[in-house]
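Enquirer: model this:
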Amino acid sequence: MKVVILDSETVSRNDVSLDGIKQLGECVVFGYTPNESAAGKIGDADAVICNKVLITEEVFQSCPKLKYVGLFATGYNNVDLEAASRHGAVVCNVPAYSTSAVAQHTFAMILSFYNKIREYADAVDNGEWIDYKLFSYFGIPTHELAGKTFGIVGYGSIGKKVAAIGKAFDMEIITYTRTPSKVTDCECVSLDELLKRSDIVSLHCPLTKENTKMINAETLALMKPTALLVNTARGGLVDEAALAETLNSGRIAGACIDALTFEPMRADCPLYKAENCMITPHVAWAPKETRERLLEKVAENLAAWVNGSPINVVNR
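Expert: Residues are numbered from 1 along each chain as shown. Predicted coordinates:
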């Protein structure tokens, strides 16, 4: 069996091992592959593994031996699932591998925002605490999380983990979810009510046609002027131009963003240098331990397919 890895650099910079995959067959590894080069690099391979490279109808037509697409990710919108099924190919993702990491990053951003970690560290680096007249330099306002209403949009594994951490901070948890009947540990409300009531709104839902730009000028207008928006899910959930205008006019207090509509960030991204907007470069999922877990699951998926009992199939 021949396996081609198209974009290993999206999961490893030589700090986590691909050996679990390599030992399952002849393996050709490319660090990065432009979309237009995918078919040429896959060639006569039986299996391909990738993260964000587009696997289209044209790829399947050009690579008739291709019968397995493994993903270095939970999301699979880069693969034409209908085309895969037409060509007899199995597509497998890795669900829930990054739950702890994304929840951790979510709160790292929230805590940085409310405790003004960057601002105070910068003040110390700039010498503002040296020979200050008082023992404590606290001129930048900070706030407790306790007692704040935390609105979680999407209540899957990550949403539930984030809620558990929020409860540990004595926050009031409310959620908006497609499956409210399955929620027993917090209050379920409509999206509009969540936006109106929440001090913090955190997005933890997949991107679909139905919820694209669910955070837009109209829904942002419902939020409190003191509210914080957090997006560690998918950039397309947010109308970035509307959010930038809302931030620059001071109509909400801030935003913490780890995912953008176009990645890598473009120079004309509306959120680039927007007021009170903290952006990290899609790294919530990326701790070393998380990527090691991901690669283990990718190898398990491939091995299960080789053995005739594929798991985590998304195009059944």
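Enquirer: Could I have the CA atoms of the longest helix along the chain written out in CSV?
Expert: Longest helix of the chain, by residue count under DSSP state H: helix 288-306. Below are the C-alpha coordinates for helix 288-306, written out as CSV (Å, rounded to 0.1, in the frame of the first residue of the first chain):
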residue,chain,number,x,y,z
LYS,A,288,2.6,19.2,21.4
GLU,A,289,0.6,16.7,23.4
THR,A,290,-2.5,17.4,21.3
ARG,A,291,-0.7,16.9,18.0
GLU,A,292,0.8,13.6,19.3
ARG,A,293,-2.7,12.4,20.1
LEU,A,294,-3.9,13.5,16.7
LEU,A,295,-1.2,11.5,14.9
GLU,A,296,-1.9,8.4,17.0
LYS,A,297,-5.6,8.6,15.9
VAL,A,298,-4.7,9.3,12.3
ALA,A,299,-2.6,6.1,12.3
GLU,A,300,-5.4,4.2,14.0
ASN,A,301,-7.8,5.3,11.4
LEU,A,302,-5.5,4.2,8.6
ALA,A,303,-4.8,0.9,10.2
ALA,A,304,-8.5,0.2,10.7
TRP,A,305,-9.2,0.9,7.0
VAL,A,306,-6.3,-1.4,6.0
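Enquirer: for it, which positions count as buried?
Expert: Using 16 or more other C-beta atoms under 10 Å as the test for burial, helix 288-306 gives 290-299, 301-306. Any C-beta I mention is one placed from the backbone N, CA and C, and that applies to glycine too.
Enquirer: Which parts of the stretch 1-150 of the chain are strands?
Expert: 2-5, 26-29, 47-50, 68-71, 90-92, 149-153 (DSSP state E, counting those that start in this stretch).
Enquirer: who wins for proximity to residue 234 among those?
Expert: strand 149-153 (11.4 Å; C-beta to C-beta).
Enquirer: got a list of contacts for the helix or strand just after that closest one?
Expert: Using DSSP states H and E, the helix or strand that follows strand 149-153 towards the C-terminus is helix 157-168. Helix 157-168 is contacted by residues 95-96, 98-100, 102-103, 106-107, 145, 150, 152-153, 155, 173, 175, 177, 185-186, 202, 204-205 when judged by C-beta atoms under 8 Å, 6 or more residues apart in numbering.
Enquirer: what about residue 242, which SS state?
Expert: Secondary structure, DSSP: H, G, I helix; E, B strand; the rest coil: residue 242 is helix.
Enquirer: what sits against the closest residue to it other than its chain neighbours?
Expert: Sequence neighbours aside, residue 217 is the residue nearest to residue 242 in space, at 4.1 Å (criterion: C-beta to C-beta, 6 or more residues apart in numbering). Contacts for residue 217 (C-beta under 8 Å, 6+ apart) come out as 239, 242, 245-246.
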